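# predicted model follows, preceded by the sequence.
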Amino acid sequence: MTDTDFTERKAQASQWFSDLRDRIVAAFEDLEDRGPGSAAPGRFEVTPTTRTGPAGEDHGGGKMSVMRGGRVFEKVGVNISTVWGELAPRAQKAMAARGVPGMEQDPRFWASGISLVAHMQNPHTPAVHMNTRMFWTPNAWWFGGGADLNPCIEYPEDTAHFHAQMQGACDAHDAEYYPRFKAWADEYFFVPHRGRARGVGGIFYDDLNTGDWEADFAFTRSVGAAFLPAFIPVTERRLGTPASEADRDTQLIHRGLYAEYNLVYDRGTKFGLETGHNADAVLMSLPPLAKWP
């Protein structure tokens, strides 16, 4: 494949992540308008992010969109970025260990994606995470991402609905994807030092390169497009559920578990910090309040 082909394909992927961000932000603000209470509905604050090289050259950037203190969302971030440059030695070694060829000879990279984490006001509405991304090096390319639900108080019907939407996105492309990527999520979102999962799972995939870029990009688009149908109905179902002080306590303790996972184990957090991306954008996944027993 020529460099021109990948220039065009990089642009397609970057534009898709940007368009998906716009759809999600609009849907979340609409949900805020319909949320309970008399307080003003929340709105996203949008901050440009930049990445600069060693000599101050442009290495890309994106948008950090964060809403705080809304009717429905206590804190939600929807970030997009498209960045490029050269991987530092530590990141090169990590990529080489994952089987990415040629990193020692040519450490250039390009990456684009969307990352979303929502922490909710009502303890009965689940927190959620979603991201999809494309990564390119001169000798390889791949897609990754997924979505997982993180309730502090689980409702089996909500879990079933979320998983059904993720399965539908997978089954439209390959019948083996859902069982494979569900199992991967169960393994990836496990918190070893607590001996438990951080939520009720979903799907997770990485290093997806079947050799057919168009097919892999189409699958990644399906995962992104399935997010709102998976999450919005679950949220709407719980908005009016009364919550006690004990429920809030349960929520804050569960957020502590979420923070532990993201700071200790999450590969995206580590990569973002190691490659010099905006630290506030990388750490936007952290909850606004949490506690530990």
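Nice, thanks for sending it over. Everything numeric here is computed off the predicted structure, so don't read it as measured data.

# all strands of this structure, in order?
Ranges of strands within the chain are 45-52, 58-68, 73-86, 108-120, 127-137, 140-150, 190-191, 196-197, 201-208, based on DSSP state E.

# any idea which of these gets closest to residue 181?
Between residue 181 and these, the shortest gap by C-beta to C-beta is with strand 201-208, which sits at 3.9 Å. (Each C-beta comes from the backbone N, C-alpha and C, glycine too.)

# does anything pack onto the top helix by length along the chain? Which helices or strands?
In the chain, with assignment by DSSP state H, the single longest helix is helix 3-33. Applying 3 or more C-beta pairs under 8 Å, 6 or more residues apart in numbering; DSSP states H and E, one finds that helix 3-33 contacts strand 58-68, strand 73-86, strand 108-120, strand 127-137, helix 213-238.

# nearest to residue 97, of those?
When the helices and strands packed on helix 3-33 are compared (using C-beta to C-beta), the closest one is strand 127-137, at 14.0 Å.

# tell me the buried residues in the closest one?
Judged by neighbour count using 16 or more other C-beta atoms under 10 Å, the buried positions of strand 127-137 are 127-137.

# how about stretch 38-56?
41-42, 44, 49, 51.

# just those now: which is nearest residue 167?
Nearest to residue 167 out of these is residue 44 (C-beta to C-beta; 29.9 Å).

# so the closest one touches residue 27, yeah?
No - if you go by C-beta atoms under 8 Å, residue 44 and residue 27 don't touch, sitting 11.5 Å apart.

# which one of the strands of the chain lies nearest to residue 37?
strand 73-86 (12.4 Å).

# listing partners with orientation, what would you give for that closest one?
Paired strands of strand 73-86, with direction, are strand 58-68 (antiparallel), strand 108-120 (antiparallel) (DSSP bridges).

# that strand vs helix 3-33, what angle?
Going by axes from the mean of the first three to the mean of the last three C-alpha atoms, to 10 degrees, strand 73-86 is angled at 170 degrees with respect to helix 3-33.
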